[in-house]
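In: turn this into a structure:
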Amino acid sequence: MAFEDKMNKLQSSMNTQIEANENQAPRLSKSYTLKQDVANELASRAKEQELTASRYLEKLLKKEFDM
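Out: Here you go, the predicted structure:
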């Protein structure tokens, strides 16, 4: 009896996690090449805000596109 209870509890938590993941927008993985001076500036500004360069760039793009 305890085994079935654990299985039911585990199964319901797995279903909840799957539903939560389906509601999120998919992330795209693209690769772009930046000029060295632009990449260095991006990295230094990101470091000032304690972000990774990709997160900082995402923040800039969201601001630019009014998102």
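In: what kind of secondary structure is the residue nearest the centre of the chain in?
Out: Compute the mean C-alpha point of the chain, and by Cα atoms, centre = their mean the closest residue is residue 27, 7.0 Å away. Following DSSP: H, G, I helix; E, B strand; the rest coil, residue 27 is assigned to coil.
In: I'd like the numbering to begin with 30 instead of 1 from here.
Out: Sounds good: first residue 30 from here, last item residue 56.
In: from residue 93, how far off is it?
Out: Applying Cβ to Cβ, to the nearest Å, one obtains 18 Å for the distance of residue 56 from residue 93. (Each C-beta comes from the backbone N, C-alpha and C, glycine too.)
In: next one: residue 58
Out: When Cβ to Cβ is the yardstick, residue 58 and residue 93 sit 20 Å from each other.
In: between these two, who's got more neighbours?
Out: Neighbours of residue 58 and residue 93, each counted by other Cβ atoms under 10 Å, are more numerous for residue 93; the result is 8 against 5.
In: for this protein, what are the low-confidence residue spans?
Out: 30, 43-52 (pLDDT under 70).
In: swap the cut-off to 90 and go again
Out: For the chain, residues meeting the criterion pLDDT under 90 lie at 30-61, 95-96.
In: show me the helices in it, by range?
Out: In the chain, helices defined by DSSP state H lie at 31-52, 65-77, 82-93, listed in chain order.
In: what is the neighbour count of residue 66?
Out: Neighbouring residues of residue 66 were enumerated by other Cβ under 10 Å; the total is 8.
In: measure it to residue 94 for me?
Out: Residue 66 sits 24 Å away from residue 94, going by Cβ to Cβ.
In: can you check residue 33 too?
Out: When distances are taken as Cβ to Cβ, residue 33 and residue 94 turn out to be 51 Å apart.
In: what of residue 82?
Out: From residue 82 across to residue 94, the span is 18 Å (Cβ to Cβ).
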